[in-house]
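[1] A predicted structure for the sequence below; I have some questions about it.
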Amino acid sequence: MKLCFTSQTDTGIVRSVNQDYYYIDPEGCFFIVADGMGGHAGGQDASQIATNTIKAYLEQYWDDSYSSGDLLTNAITEANKEILKDQYNHPERGDMGTTAVVLLFRQEQQWCAHIGDSRLYLLRGELNQITEDHTWVARALKSGDITAEQARFHPGRHVLSQCLGRKDLQLPSLQHLELQVGDILLLCSDGLTEEVPDEQIQDYLQSSSSCEEKAAQLIEGAKKAGGSDNITVVLVALLG
C-alpha cells in the first residue's frame with residue numbers, strides 16, 4: 001500500500017517550550033505522537049523518552065512472532081517503565097507524564113494504540129475520531145452526563161485518567177483498523193483539537209492541498225485560534 005505522509009510541530013503562541021514529540025518511520029511502518037506534561041521540562045523529557053522507547057522496541061521486535069497488538073502493548077508498557085525509571089533517577093521530574101498515540105502498518109494490517117488524549121482521526125468522506133480520550137470529561141460525555149458542547153469547554157477537560165509515567169498504568173487502548181485507498185489519517189496532540197473544531201479539521205483535510213500544505217494549514221489554524229498549547233500533526237494518506 002502506497003502512503004503519503006508528513007508531519008509538523010509548533011510551540012504555539014503561549015508556551016515557551018515544545019513538550020510534544022513525534023516520530024515517523026522513514027518506510028511508513030509506524031507513526032508516533034506524544035504530548036508531555038510536568039514542570040521543569042519534565043513533559044519534554046517524558047514525551048521524548050516515550051517516543052524513543054516505543055520506536056526502539058518496534059524496530060527491535062518488528063520481525064518477531066508477536067502479534068501487532070501485543071507488539072504495541074509491549075512497546076507502550078516498556079515506555080512507561082523507562083519514564084518511571086527516569087522519575088526515580090530524577091526526583092525533580094517525578095510528576096512528569098505523557099500521552100502517546102501510535103499507528104502501525106505491519107503484515108498487511110493496520111493497528112493503533114493510545115494512552116491519554118492525543119488522538120487518531122480518520123477521514124473517509126467525513127471525519128471520525130478513532131481514539132477515545134482517556135479523560136474524565138470523555139467518560140462523562142459517553143455516559144450522557146454532559147453534552148458535547150459542555151465537554152468542549154469543561155474546566156476539567158485536560159485532566160487525564162490515563163497517561164504514561166504512572167505505576168498504576170492500565171493496558172493501552174488497541175484497535176485493528178480496516179483502511180482503504182483514499183483514507184487520510186491524522187495523529188495529533190490536543191494543541192490542535194483544543195483550538196480547531198472537528199468540522200474545521202475536516203475542511204482542511206478535504207482541501208485539494210498537498211499533505212504538507214494540509215499539515216501547515218492545521219498548525220496555522222490552531223495558532224490563529226489562540227495557539228494556547230504545543231501543536232503536533234502527523235498526516236498519513238493512503239494512495240493505493
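    Sure thing, it's come through.
[2] Have a look at the protein and report its longest helix.
    helix 68-89 (DSSP state H).
[3] Show me what the helix or strand following it is packed against.
    Next along the chain after helix 68-89, taking DSSP states H and E as the criterion, comes strand 97-98. Contacts defined by 3 or more Cβ pairs under 8 Å, 6 or more residues apart in numbering; DSSP states H and E place strand 97-98 against strand 30-37, helix 42-61. Heads up, the C-betas are built off the backbone N, CA and C, glycines and all.
[4] now for the shortest one, which elements pack on it?
    Counting by 3+ Cβ pairs under 8 Å, 6+ apart, the packing neighbours recorded for strand 30-37 are strand 20-24, helix 42-61, strand 97-98, strand 100-106, strand 184-188, strand 231-238.
[5] circling back: who wins for proximity to Glu108 among the helices and strands packed on strand 97-98?
    strand 30-37 (14.4 Å; Cβ to Cβ).
[6] Run the angle between the closest one and helix 68-89 for me.
    30 degrees (axes from the mean of the first three to the mean of the last three Cα atoms, to 10 degrees).
[7] show me the contacts for Gln214.
    In this structure residue 214 is Lys, not Gln. Counting by Cβ atoms under 8 Å, 6 or more residues apart in numbering, Lys214 touches Tyr204, Leu205, Ser207, Leu235.
[8] low-confidence ranges in this structure?
    Within the chain, the stretches with pLDDT under 70 are 39-41, 137-157.
[9] can you redo the helices and strands packed on strand 30-37 as a markdown table with distance to Ile115?
    Converted to a markdown table, those look like this (distance: least, Cβ to Cβ, whole Å):
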| stretch | distance to Ile115 |
| --- | --- |
| strand 20-24 | 14 |
| helix 42-61 | 9 |
| strand 97-98 | 8 |
| strand 100-106 | 5 |
| strand 184-188 | 13 |
| strand 231-238 | 16 |
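[10] and the ones you listed as CSV, adding mean neighbour count and distance to Ser67?
    Below are those laid out as CSV (neighbours: other Cβ atoms under 10 Å; distance: least, Cβ to Cβ, whole Å):
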stretch, mean neighbour count, distance to Ser67
strand 20-24, 23, 22
helix 42-61, 21, 11
strand 97-98, 29, 25
strand 100-106, 25, 9
strand 184-188, 25, 21
strand 231-238, 25, 22
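[11] so Asp133 sits right up against Asp117, yeah?
    Yes. Counting by Cβ atoms under 8 Å, Asp117 is a contact partner of Asp133 at 4.1 Å.
[12] neighbouring contacts of stretch 160-171?
    So stretch 160-171 is contacted by 34, 37-38, 46, 50, 73, 76-77, 79-80, 83-84, 87, 96-100, 115-117, 134-136, 139 (Cβ under 8 Å, 6+ apart).
[13] hang on, I meant stretch 187-196
    10, 12, 20, 22, 31-35, 99, 101, 103, 117-121, 158, 201, 204, 218-219, 221-223, 225-234, 236.
[14] Output that stretch in CSV, but only the C-alpha positions, please.
    C-alpha atoms of stretch 187-196 as CSV (Å, rounded to 0.1, in the frame of the first residue of the first chain):
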residue,chain,number,x,y,z
LEU,A,187,-2.4,11.8,14.6
CYS,A,188,-2.3,14.9,16.7
SER,A,189,-1.8,16.4,20.2
ASP,A,190,-4.6,18.3,21.9
GLY,A,191,-2.9,21.6,20.9
LEU,A,192,-4.8,21.1,17.6
THR,A,193,-8.1,19.8,18.9
GLU,A,194,-8.4,22.3,21.7
GLU,A,195,-8.3,25.1,19.2
VAL,A,196,-9.8,23.7,16.0
